[in-house]
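Chemist: The amino acid sequence is not available; the structure is as follows:
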């Protein structure tokens, strides 16, 4: 009976290994990409074509947002490390420069200043505004597509409940008998 439960749980393990992206669990992102929010537990983007295309679109948007940060830094004639790409709940994706680099911000004519804070000046360029909105929409689409896959996987995983329960009961019985 225990070997039947183990065989059934092998299929459950295969389901989990096929579905869960282990690289997301241990991912460390380079400093430039830390502002992009990613879930620690994710469905592998290769699991469906939709997830794969959405992940590719997100990666492309991240590169474009970092390129916009670089463009802004070159127009301002400051080091690219002086212009920070950040995310906040109230402003979404935006750029920040320190107060020291504030005079260089005047070289940009089409920016929207969001806030002046102790950490620096938060601002937004029109291209970054568009990219940020597209990124947020694509993230939402990715989460919705991922939730559909997780729901289907949860239904499949529920079928393993009896095998888990039987295996647990057998192990508990073996444990009790071994301790007599």
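Modeler: Yep, that arrived. These numbers were taken from a predicted model, which means no experiment stands behind them.

Chemist: Going by C-alpha atoms from here, please, whenever you check contacts or count neighbours.
Modeler: Will do.

Chemist: give me the number of residues near the closest residue to residue 125 other than its chain neighbours?
Modeler: In space, and not counting its chain neighbours, residue 125 is closest to residue 111: 4.7 Å by CA to CA, 6 or more residues apart in numbering. Residues within reach of residue 111, counting by other CA atoms under 10 Å, total 17.

Chemist: Where does pLDDT dip in the chain?
Modeler: 1, 24-41 (pLDDT under 70).

Chemist: Mind jotting down where the strands sit in it?
Modeler: Ranges of strands within the chain are 83-88, 92-97, 112-117, 120-124, based on DSSP state E.

Chemist: Of those strands, which is nearest residue 168?
Modeler: strand 83-88 (45.5 Å; CA to CA).

Chemist: need the helices for this structure, in chain order.
Modeler: All helices of the chain, identified by DSSP state H, fall at 2-19, 22-25, 49-76, 102-105, 126-158, 161-178.

Chemist: Now tabulate those in a markdown table and tack on mean neighbour count and distance to residue 93.
Modeler: Formatted as a markdown table, the helices of the chain follow (neighbours: other CA atoms under 10 Å; distance: least, CA to CA, whole Å):
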| stretch | mean neighbour count | distance to residue 93 |
| --- | --- | --- |
| helix 2-19 | 14 | 30 |
| helix 22-25 | 14 | 22 |
| helix 49-76 | 17 | 9 |
| helix 102-105 | 15 | 18 |
| helix 126-158 | 15 | 6 |
| helix 161-178 | 13 | 43 |
